[in-house]
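Engineer: need a 3D model of the sequence below.
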Amino acid sequence: MKFLWSLLLYTALGLGANTAFAINASQFDALKKGDMRKLAWAKSDEMVSSVTYFDDAGQETDLSIYRGKTVVLNFWATWCAPCRSEMPSLSKLQNELGDDTFEVVTIATMRNNPKSIQSFFDKIGVQNLSQHNDPKGALSRSMGVLGLPTTLIISKSGEEIGRLLGDADWASPEAIALMSAIKTADHQN
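Structural biologist: Sure thing, here's the model as predicted:
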């Protein structure tokens, strides 16, 4: 029953989304192809959470360190099979678009031992993504993450642009085209 309730709430949130992003997000609807069709525009221009999490070095930090960058923020877990399967595509997206104005940020949420995170990244050969940890799920809960994986697109000013529930191929031509267009528009404002 709890699963059914979560699924219903998850679907309602996705269907109810529209946008108040600083640019007109609906201009990107034509680019929402393939897995990117699952991307729902943010309902408001609310700032992302200031709840802290742990960075790669085990130091407490928050998302404000990414102000000035368009961010693809991925919540995942070492025990989540779809999360693990999409990680290489997130790495490829970072390789393709990552620079001083764009970054893919990964945060393992809930019960994820930092050694397990490192071991997984080593196993799949990912060296260009963050290994952040939200061990109690405080950040993910504060941002309304109801299932894993969940990926949020965040503007350079720290507002949620949209979110994609479930896994996706972030290295697909469609994803790269959409993220590139959002990045460009975000940094023209």
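Engineer: how about the helices in the chain?
Structural biologist: Applying DSSP state H to the chain gives helices spanning 2-15, 81-97, 114-124, 138-142, 173-186.
Engineer: contacts for the third one?
Structural biologist: What it means is helix 114-124. The contact list for helix 114-124 (C-beta atoms under 8 Å, 6 or more residues apart in numbering) reads 54, 58, 78, 84, 87-88, 108, 127, 129, 131, 133. Bear in mind the C-beta positions are built from the backbone N, C-alpha and C, glycine included.
Engineer: just the buried ones from those residues, in PyMOL syntax?
Structural biologist: Only the buried entries of these go into this PyMOL selection, using 16 or more other C-beta atoms under 10 Å:
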select buried, resi 54+78+84+87+88+108+129+131+133
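Engineer: which members of the contacts of helix 114-124 are the farthest-apart pair?
Structural biologist: Using C-beta to C-beta, the pair of these lying farthest apart is 58 and 88, separated by 24.9 Å.
Engineer: so how many other residues sit close to residue 152?
Structural biologist: Neighbourhood size, residue 152 [other C-beta atoms under 10 Å]: 22.
Engineer: so what sits opposite it in the bridge?
Structural biologist: Using DSSP bridges, the bridge partners assigned to residue 152 are residue 73, residue 163.
Engineer: if I look at it, how far off is residue 114?
Structural biologist: Computed as C-beta to C-beta, to the nearest Å, the residue 152 to residue 114 distance reads 22 Å.
Engineer: tabulate the contacts of helix 114-124 in JSON lines, adding columns for pLDDT and distance to residue 47.
Structural biologist: JSON lines is the format used below for the contacts of helix 114-124 (pLDDT from 0 to 100; distance: C-beta to C-beta, whole Å):
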{"residue": "54", "pLDDT": "96", "distance to residue 47": "21"}
{"residue": "58", "pLDDT": "93", "distance to residue 47": "26"}
{"residue": "78", "pLDDT": "92", "distance to residue 47": "29"}
{"residue": "84", "pLDDT": "91", "distance to residue 47": "30"}
{"residue": "87", "pLDDT": "97", "distance to residue 47": "27"}
{"residue": "88", "pLDDT": "97", "distance to residue 47": "31"}
{"residue": "108", "pLDDT": "97", "distance to residue 47": "23"}
{"residue": "127", "pLDDT": "94", "distance to residue 47": "31"}
{"residue": "129", "pLDDT": "97", "distance to residue 47": "24"}
{"residue": "131", "pLDDT": "95", "distance to residue 47": "25"}
{"residue": "133", "pLDDT": "96", "distance to residue 47": "22"}
